[in-house]
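**Student:** here is my input, please return the structure:
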Amino acid sequence: MVGKTIETKHQDLERSLQQMGRVLVAFSGGVDSTLLLKVCTDVLGDNVLAVTAVSETTAGHEREDAVRLAINLGAVHLQVESHEMELSEFIANPPHKCYVCKKSRFGELVALARQKGFSWVADGTNADDHRDFRPGSRATRELKVRSPLMEAGLTKSEIRRLSKQLGLPTWDKPSAACLASRIPYGTPITARRLKQVDEGERFLRDLGAVGQVRVRHHGEVARLEVDARDIVKFAEKTVRERIVQYFKSLGFKHITLDMEGYSMGS
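**Tutor:** Next up is the predicted model:
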C-alpha cells in the first residue's frame, strides 16, 4: 500500500480542522504548533485563538518568538500564566513531571476554551512523537486535547517540509524543550535554577551558537551542550574565557563543555 503524500496529508489536516469548527491552539512558537496555527488560520479564520502558557519554565526567546509569529500569522493571541511552579509534585522533579505540568496547563486551557466558546483545544503533537518518552502525552489524552498533525499522519520531517513550502520561518527551527528538562530528576526545580539556565543559553546563542543549545544544571556545575560543529569554536581560548566569566557571574562554580555535543534527553 502506497503511503499518503504530504499534499494529501495537508488536505486531510484542512478537512479535519474545518470539521472541528472553533479551535484553541496551544501555541509555543515551535515548528509544530506554528504549522498548526498557520493551517488553522487559513481554514478557520477568526474561529481560532492561539494561547501561549508561560511561567518560569518558559525560555525568554521562545516567548518572544511566539508573540512575533502569532502577529505575523494574523492570529488572535493570548499569553496566560501557568501554575506548575505552584505544584509540589512538579517542583520535586520526578520522571513524570511533564505529566504533572501538562495536566495542569492543558486543564487550564480546556477551561479557557469552554469559557470562550471554543469547541476544541489542539496541540502540535506529531506522528513521530510516540517514539520518544513523553509522559505529558497521557495528560492531553485524558483531557481529550486533539492533535490534528498526528491525526493527519504528519511526521516531523514532513512538517518541516510543509512549513518551508508555506513560507514559515520556523521550518528549520531547532526543537525546543521546557527549561525544567535541564535539571536532573530528583533535583528540585526552582525559579533561580531556571533563570540560570535561561540566561546561560541566551548568552551562548548570542555568542553564535548554531542549532541546539542546552545548559544542563548540576548544582554548582554547568554542563554546556552545543551542536558538535560548534565545539571547536566554544573551546577557543578567548571564547572559553568569556563563557567562564559569564557563567560564574550566574552563580556556577564549574563550567564544562560536553565533548559529545548536544544529545536529546541527556
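
**Student:** got a pLDDT number for residue 265?
**Tutor:** The score at residue 265 is 57. That number is its pLDDT.

**Student:** ignore what I typed, I meant residue 197.
**Tutor:** 98.

**Student:** is it true that it touches residue 217?
**Tutor:** Yes: using C-beta atoms under 8 Å as the test, residue 197 is close enough to residue 217 to be in contact (5.6 Å). Backbone N, C-alpha and C define where each C-beta goes, glycine included.

**Student:** give me the common contacts of those two.
**Tutor:** By the contact definition C-beta atoms under 8 Å, 6 or more residues apart in numbering, residue 197 and residue 217 are jointly contacted by 182-183.

**Student:** any idea which helix or strand of this protein has the worst average confidence?
**Tutor:** Within the chain, confidence by mean pLDDT, DSSP states H and E is lowest for helix 136-142 among all helices and strands, at a mean of 87.

**Student:** and the next element down the chain from that one?
**Tutor:** helix 148-151 (DSSP states H and E).

**Student:** other SSEs contacting that next one?
**Tutor:** Counting contacts by 3 or more C-beta pairs under 8 Å, 6 or more residues apart in numbering; DSSP states H and E, helix 148-151 is packed against helix 6-20, helix 31-44.

**Student:** residues contacting the strand or helix carrying residue 114, please?
**Tutor:** Using DSSP H and E, residue 114 falls within helix 97-116. Residues outside helix 97-116 that contact it (C-beta under 8 Å, 6+ apart) are 24, 26, 49, 51, 53, 57, 80, 82-84, 87, 89-90, 94, 119-121, 123, 134-140, 142-145, 178, 180, 185, 189.

**Student:** can I get the buried part of the residues you listed as one PyMOL selection?
**Tutor:** This is how PyMOL selects the buried members of the contacts of helix 97-116, with burial counted by 16 or more other C-beta atoms under 10 Å:
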select buried, resi 24+26+49+51+53+57+82+84+90+120+121+123+135+136+137+139+140+145+178+180+189
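
**Student:** rewinding a little: buried residues in the helix holding residue 114?
**Tutor:** 97-106, 108-110, 112-113.

**Student:** return the distance of stretch 151-170 from the chain's centre.
**Tutor:** Centre-to-centre, stretch 151-170 and its host chain are 16 Å apart (C-alpha atoms, centre = their mean, to the nearest Å).

**Student:** what do you get for stretch 23-30?
**Tutor:** With C-alpha atoms, centre = their mean as the basis, the mean position of stretch 23-30 lies at 10 Å from the chain mean.

**Student:** show the end-to-end separation of it, please.
**Tutor:** Distance between the two ends of stretch 23-30: 18 Å, counting by C-alpha to C-alpha, to the nearest Å.

**Student:** now that stretch: average pLDDT?
**Tutor:** For stretch 23-30, mean pLDDT rounds to 97.

**Student:** and that stretch, which residues are buried?
**Tutor:** Quick answer for stretch 23-30 (16+ other C-beta under 10 Å): 23-30.

**Student:** among the residues you listed, which are in strands?
**Tutor:** Using DSSP state E, the members of the buried residues of stretch 23-30 that fall in strands are 23-26.
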